[in-house]
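J.: structure of the sequence below:
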Amino acid sequence: MLDRLKLSLCVFTLLFLAACAGSKGGGSAYDDDEDEGGGGGGGGGKRSGQAAAPKANDVKKARDEATQITEENHRLAKEVFELKNKLGEE
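T.: Numbers count the residues shown, from 1 in each chain. All right, here's what the predicted structure looks like:
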């Protein structure tokens, strides 16, 4: 009797999980863009995922900024490493 109860519980659990996984009612992170742009205002036909191509000047500016940040990160990591070694020597 107890074995049948355990088996039934396992079967119902698997069916429940399969039903929940296949249902459309529960939201997910991938469903968010279905509801974007609502609110009645007529705002063109573009969705946020379809942004215009960046300009060459913007790309260069972003690349230069990323290079500066990377160099600063490297300098700070080196400084932290040297301070840890100095602290370990004392």
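
J.: where does this structure have low pLDDT?
T.: 22-51, 90 (pLDDT under 70).

J.: looking at it, which helix is longest?
T.: helix 56-89 (DSSP state H).

J.: who are the packing partners of that one?
T.: With contacts defined as 3 or more Cβ pairs under 8 Å, 6 or more residues apart in numbering; DSSP states H and E, helix 56-89 has no helix or strand neighbours. In short, each C-beta sits where N, CA and C put it, glycine included.

J.: give the buried residues for that helix.
T.: Counting neighbours by 16 or more other Cβ atoms under 10 Å, one finds that helix 56-89 has no buried residues.

J.: please shift the residue numbers so they start at 9 in all later answers.
T.: Will do, 9 is the new start, and the previous item becomes helix 64-97.

J.: distance of residue 86 relative to residue 92?
T.: Separation of residue 86 from residue 92 (Cβ to Cβ, to the nearest Å) stands at 11 Å.

J.: what of residue 12?
T.: 63 Å.

J.: also residue 82?
T.: In terms of Cβ to Cβ, residue 82 sits 16 Å off from residue 92.

J.: cool, and residue 22?
T.: From residue 22 to residue 92 the distance is 52 Å (Cβ to Cβ).

J.: just residue 23 next, same as before
T.: Distance, residue 23 to residue 92, by Cβ to Cβ: 56 Å.

J.: and if you look at residue 72?
T.: For residue 72, the distance to residue 92 equals 31 Å [Cβ to Cβ].

J.: three-state assignment of residue 61?
T.: Assigned with DSSP: H, G, I helix; E, B strand; the rest coil, residue 61 falls in the coil class.

J.: what sits against residue 81?
T.: Shown in contact with residue 81 (Cβ atoms under 8 Å, 6 or more residues apart in numbering): no residues.

J.: any idea how far it lies from residue 91?
T.: Counting by Cβ to Cβ - residue 81 and residue 91 are separated by 16 Å.

J.: also residue 16?
T.: From residue 16 to residue 91 the distance is 63 Å (Cβ to Cβ).

J.: count the residues that sit near residue 63.
T.: Look at residue 63: counted by other Cβ atoms under 10 Å, it has 9 neighbours.

J.: which residues touch residue 73?
T.: Residue 73 neighbours (Cβ under 8 Å, 6+ apart): none.
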